[in-house]
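Enquirer: any chance you can model this:
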Amino acid sequence: MPVTSVTTDTEALSMTLVAEFPVPAERLWDAFADPRQLERFWGPPGYPATFGTYDLRPGGYVHYWMTSPEGQTFYGRWDVTAVDAPRTFTVTDTFADENGVSDPSLPAGTMTVTVEPTDSGSRLTVLSTSPTLEALQQVIEMGQVEGMTQAMSQLDTVLADLREYALGKGTQTEIVDDTHVKITRAFEAPRHLIWRAHTEPELMKKWLLGPDGWVMTVCESDLKPGGAYRYAWAPEEGTPGEPFGFEGENVVIEPERRLVSTEAMTGADFPANVNDLGFAEADGVTLLTLYITYPNKEQRDFILATGMTDGMEASYARLEQELVATAG
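Expert: Presented below is the predicted three-dimensional model:
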C-alpha cells in the first residue's frame, strides 16, 4: 500500500497523509492536475468522483461530486488559493450542492497537496486543516481518515502503465475485507467496445458464458437507473451442471465509465450483493475494476469458492477472442 502514514493532530487541528510512489514527481503531479486522472482515484472505492468545473489556478474553483453504490450524490467544492506547479497547491475545501455553492452548515477546511521527489520516486503529502476542534472531530467521525486513505491507495494504479500493470495478467481477485472483493481485468481495446460488450445483449450472449459448454438463455436488461435485469445460463447437451441465473436492479449508470447493480441468484435464499463495475482507459488499454459488496463474510466465501474467478476469466478470454480480436 503506498500510504505510509496518516496522523491527526488535535492541537494543530489537522490530518496529514503521506504516501510514496515509484514514479517521478512530475508524473504524480499530473495525476492531480488532470481531472480525468483525478476521477480514477479521488473518492474511496464505491464512491468515485466526477469533476465538472476544474480550474486549478489561484482564484479558480473546482466542483466535483461522488456517487455512492446506492446512487446518492455528495458534492464538494475547492476554492483555489495558491498553486506552485508542479509542487504544491492549496484550496479551501467545502461541502457543496449540485450547483457548486458551498454549504455553510457543514465544516469547511483548508487542504494543501504537496509533491516532492525522493530517491525512489516521489512523495505525496496531503495536509487537511480544520478551523476548530469540533470541525476536525466532525470530519473524522464522517470517515475522512478512512476515506482519504482508501482513495490515495488507489493512486498507484492510476500512475502505473496499464500495459505493464495489468495487461496479460488475466482476472485478478483481491479480498479487501470481510464483505468486499476487488476484481480487475485489462483488455487491449477501447473503452467504448468493452462497455458495449457489457451492456448490449447480442454481444453479451457471445462471451458471457463462463466455461465452455454453456449457453446464455436469457439476457434482458432495462439499462436505466431502477431498471431490472435478468440473465440465465444452461449447460449444453453432454455438459454437467444445472441451469441457473441472476437478477437484480441497475442502480447507477454512467455510460462508458461506471455500472452499479444489485445481484441475486434466481430462486436462491441469499440476500443480494452490489456490483460496482468501473471502466478506465489509458493508451489503448481498458481496465475493468469490479468492486463487490457482499452482505456478509459467509456469502463472500461461498461465492468465491464456486470458482467465480476462473469462470470470469473464461468469459473474458472469450470476449477477447470473439469481440476484441474481430473488432481490431
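Enquirer: name the SS class of the closest residue to Phe89 other than its chain neighbours, please.
Expert: Closest residue to Phe89 apart from its sequence neighbours, by C-beta to C-beta, 6 or more residues apart in numbering: Val83 at 4.5 Å. (Glycine included, C-beta is placed from N, CA and C.) Assigned by DSSP: H, G, I helix; E, B strand; the rest coil, the conformation of Val83 is strand.
Enquirer: again, but for Ile140
Expert: Note that with three-state DSSP, the state of Ile140 is helix.
Enquirer: which residues touch the residue lying closest to it once chain neighbours are set aside?
Expert: Excluding its sequence neighbours, the residue lying closest to Ile140 (C-beta to C-beta, 6+ apart) is Thr8, at 6.7 Å. Contact analysis of Thr8 by C-beta atoms under 8 Å, 6 or more residues apart in numbering lists Ser14, Met15, Thr16, Leu136, Ile140, Val145.
Enquirer: next one: the closest residue to the first one other than its chain neighbours from Phe32, what distance?
Expert: Okay, so that is Ser14. Spatial nearest neighbour of Ser14, excluding adjacent residues (C-beta to C-beta, 6+ apart): Thr129 at 4.7 Å. For Thr129, the distance to Phe32 equals 18 Å [C-beta to C-beta, to the nearest Å].
Enquirer: quick check: Ser315 touching Trp214?
Expert: No. With contact defined as C-beta atoms under 8 Å, Ser315 does not count as touching Trp214 (9.7 Å).
Enquirer: and the residue nearest to Phe89, how many residues sit next to it?
Expert: 18 (other C-beta atoms under 10 Å).
Enquirer: my guess is it contacts Gly59. True?
Expert: No. Between Val83 and Gly59 there is no contact under C-beta under 8 Å: 9.8 Å.
Enquirer: so which residues of the chain form helices?
Expert: Counting by DSSP state H, the chain has helices at residues 25-33, 35-38, 133-141, 144-152, 155-159, 162-165, 191-199, 201-207, 297-304, 308-319, 325-327.
Enquirer: run through who's touching the second one.
Expert: Put plainly, it is helix 35-38. Taking C-beta under 8 Å, 6+ apart as the rule, helix 35-38 contacts Asp30, Ala31, Phe32, Ala49, Phe51, Tyr54, Val158.
Enquirer: returning to what we had before: for the residue nearest to Phe89, what are its contacts?
Expert: Leu56, Arg57, Pro58, Phe89, Thr90.
Enquirer: domains in this structure, by residue range?
Expert: Structural domains annotated on the chain: 3-160, 163-327, as defined by automatic domain parsing.
Enquirer: for those domains, could you give me CSV that also reports mean pLDDT?
Expert: Formatted as CSV, these follow (pLDDT from 0 to 100):
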stretch, mean pLDDT
domain 3-160, 94
domain 163-327, 94
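Enquirer: show the contacting residues for the nearest residue to Thr171 once chain neighbours are set aside.
Expert: For Thr171, ignoring the flanking residues on the chain, the nearest one in space by C-beta to C-beta, 6+ apart is Glu313 at 4.0 Å. Glu313 makes contacts with Gly170, Thr171, Arg185, as judged by C-beta under 8 Å, 6+ apart.
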